[in-house]
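*Asks:* coords please:
(one chain, ligands or ions: 1)
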Amino acid sequence: MKILAFESSCDETAAAVVEDGRTILSDAIASQADMHALYGGVVPEIASRKHVEVIAALCDKALADAGVAKSDIDAVAATYAPGLIGAVLVGLNYAKSVAYALNVPLIPVHHIRGHIAANYLAFPDLEPPFLALCMSGGNTLLVDVAGYTDFKLVGATRDDAAGECFDKAARVLGLPYPGGKPMDELAHGSEGGVYELPRAKIDGHELDMSFSGLKTAVVNLAHNAEQTGKPLDRAALARDFTQAVSDELVPRTLRAAERYGRKTVVAAGGVAANSFLRADLQTACDKAGCKLYLPPLSLCGDNGAMIGAQGYYEYMAGARADWSLNAYATREIDDPIVAYDK
Ligand code: KG4
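*Replies:* Now for the predicted structure:
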């Protein structure tokens, strides 16, 4: 079964063709990051306009790269939530029009479910159940994945997302947007252990996280250094910051896996590209006797193929949307927008 999938929740426009949820036939992506870098972060209005400009050409490219005709497409999948509302609306409405024109089903896909499903494309043996750590620019969640469409949110950030925190810390260190990758590179220049940064603890909610205190601490350190003229060890700060993020995420992930009786852990989202986090997750999973799946770097960030992968399993479970399907800026991963019939 061939699914044509669209993703437009933030600053990447993406269209892909995926077969049976596991094989990427094409994965066309147009990143707007350079444009937003001028402003130090994503400007929602610009994001929406850029999606409008490129989505039709990307759709054609996805079909051409896959070597399939429009008539070969069995269903259309699209991100309907969460994300920048104007941006999501562009991809979703384009997907609706394609599904309508091709007379095929429209499948709504939750963006974070898609990030998790990116792993199905890389690892043919991976099947639920497992515990997923999802960390992206806008969301940071711990999810118990009991089945392909059976999700339970078990922990989440109470404020900023891990990626947002990376981007903000990078910005005050003078690094370009998006800041995660340059922070990762900078952090390799130090052993760390120089700056004391906070670790959050939320009483009674040991699987929930908080990144705003950490973000503020880095911003204050950078501003104080600027005001007092004291030199800032940027590499050490990047390293210590990354360690603080890892300390926030990794132990909670293993705690969640233990609590929900999972022996498989899956990482997902743009921040899953972080080399220190990957190493720390591997060490922790080895110690706990858990099998860890880390998505290849090419599938960590936003892409259309992950929406096609999850779209397949949503389709198999009976998820179908009608033309009234709306886009949502926020929507929990375990709150499906349509009913399943299987
Ligand atoms: O999943 P993603 O592409 O978009 C969303 O769905 O939000 O994630 C983007 C986030 C950005 O905040 C970016 O800085 C971060 O992923 N990121 C990283 C790394 N590469 C990308 N964060 C830490 N280390 C990295 N190597």
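*Asks:* tell me which residue in the stretch 51-200 of the chain sits closest to the ligand.
*Replies:* G180 (2.0 Å; CB to the nearest ligand atom). Where you see a C-beta, it was placed from the backbone N, CA and C, and this is true even at glycine.
*Asks:* could you find the closest non-adjacent residue to that residue?
*Replies:* Among residues not flanking G180 along the chain, F166 sits closest, at 4.3 Å (CB to CB, 6 or more residues apart in numbering).
*Asks:* now do the lowest-mean-pLDDT helix or strand in the chain: which elements does it pack against?
*Replies:* Using mean pLDDT, DSSP states H and E, helix 33-37 stands out as the lowest-scoring helix or strand of the chain, at a mean of 92. Here helix 33-37 touches helix 44-66, going by 3 or more CB pairs under 8 Å, 6 or more residues apart in numbering; DSSP states H and E.
*Asks:* does the helix it packs on reach the ligand?
*Replies:* No - judged by CB under 6 Å from any ligand atom, helix 44-66 makes no contact with the ligand; its nearest approach is 11.7 Å.
*Asks:* now do D341, the pLDDT please.
*Replies:* Looking at D341, its pLDDT reads 84.
*Asks:* can you pull the contacts of it?
*Replies:* If you count contacts by CB atoms under 8 Å, 6 or more residues apart in numbering, D341 has them with A317, G318.
*Asks:* which element is it on?
*Replies:* Assigned by DSSP states H and E, D341 belongs to no helix or strand.
*Asks:* who are the packing partners of the host helix or strand of Y315?
*Replies:* Here Y315, judged by DSSP H and E, is contained in helix 305-316. Packing partners of helix 305-316 (3+ CB pairs under 8 Å, 6+ apart): strand 2-7, strand 12-19, strand 23-31, strand 75-81, strand 106-110, helix 111-122.
*Asks:* go with 7 Å
*Replies:* Helices and strands touching helix 305-316, by 3 or more CB pairs under 7 Å, 6 or more residues apart in numbering; DSSP states H and E, are strand 2-7, strand 12-19, strand 75-81, strand 106-110, helix 111-122.
*Asks:* can you give the contact residues for it?
*Replies:* Contacts to helix 305-316, defined as CB atoms under 7 Å, 6 or more residues apart in numbering, come from residues 1, 3, 5-7, 16-18, 20-22, 24, 27, 75, 77-79, 105, 107, 109, 113-115, 117-118, 120-121, 148-149, 299.
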